[in-house]
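Enquirer: my questions concern the predicted model and sequence given below.
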Amino acid sequence: MTSLKKQTTRILDWFFPSFCVQCETPVNTHVGICQYCLTDLPLLDLNKHPNLLYRPDIAELFPDCQFNNLVACAWYRPPFDGWLSQLKFSNQIFYKNVLQQIITQQLSTVKARCEIWPELFIIIPLHRERFIQRGYNQVAQTWGDCLNNEDVKLDYLHRHKKTDAQSSLTKAKRVKNLQDAFICHQNLAGKTVAIIDDVMTTGATLNAATVALKKAGAKQVWAFVTCLTPLGR
Ligand SMILES: [Zn+2]
């Protein structure tokens, strides 16, 4: 951290003290959760399973994955589901901070365990109309800062038709809703690329994105998500 940034942080801490989302002890600005509570969170064990598709219960829940590797931070359960929806609908900064601490920790665990690593990171795009309605893409907002040292692309994948909100549909309808939903105009021949989303419910969105990226030549597609729903099908 530069000395100017350090000073600014100190001043912000003085005027706007931050508190841990779990135990409410004071924490530095840019931090959402204290180190003790972070250690206590029920995160998925990526040290044991750096590719969650090889974890038997997850392979059974999501049998149709088109992508080669799955990395998720946690199950979509309390407290993570609450933090994600608070961020999505009220855009509160301390939920972004806590999610970024979790993502950074999980990314470094996986990176240390993997011999190959994606060359490009592509954030799943919202449809333009939904982006305008909400005013921001919460996936880009949370993951963007955690991928400072990676090659992040925001314009490699496009939604070329408006899809209905996935949460209101059954699994079969979700797949149909998403057929050819994405397009990639880049040449990704031979590349290992990562796609990033916040919640994986059935995997239909990530599968549709994977199909588009493989059509563009990608050798491997890895999916990175903040949370996995325990419901699967
Ligand atoms: Zn705490």
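Expert: Structure's in. What do you need?

Enquirer: wait, residue 217 touches residue 187, no?
Expert: Yes - Residue 217 is in contact with residue 187 according to CB atoms under 8 Å; the separation is 5.8 Å. (Glycine included, C-beta is placed from N, CA and C.)

Enquirer: higher neighbour count, the two?
Expert: Between residue 217 and residue 187, counting by other CB atoms under 10 Å, residue 217 is the more crowded of the two (14 against 10).

Enquirer: so who does that one touch?
Expert: Contacts for residue 217 were tallied using CB atoms under 8 Å, 6 or more residues apart in numbering; they are 187, 188, 189, 190, 191.

Enquirer: residue 199 too?
Expert: 76, 84, 225, 226, 227, 228, 229 are the contacts of residue 199 under CB under 8 Å, 6+ apart.

Enquirer: between these, which sits nearest residue 159?
Expert: Nearest to residue 159, judged by CB to CB, of the contacts of residue 199 is residue 225 at 17.7 Å.

Enquirer: for the one helix or strand the closest one maps to, packing partners?
Expert: According to DSSP states H and E, residue 225 maps onto strand 220-228. Strand 220-228 is packed against strand 69-75, helix 80-90, helix 93-113, helix 138-144, strand 192-200, helix 204-215, with contacts defined by 3 or more CB pairs under 8 Å, 6 or more residues apart in numbering; DSSP states H and E.

Enquirer: closest to the ion out of those?
Expert: Nearest to the ion among the helices and strands packed on strand 220-228 is helix 93-113; the distance by CB to the ion comes to 9.9 Å.

Enquirer: so what touches the helix or strand following that closest one?
Expert: For helix 93-113, the following helix or strand on the C-terminal side (DSSP H and E) is strand 120-123. Strand 120-123 is contacted by residues 137, 139-140, 143-144, 147, 150-154, 156-157, 188, 191, 193-196, 209, 213, 224 when judged by CB under 8 Å, 6+ apart.

Enquirer: alright, that wraps it up for me.
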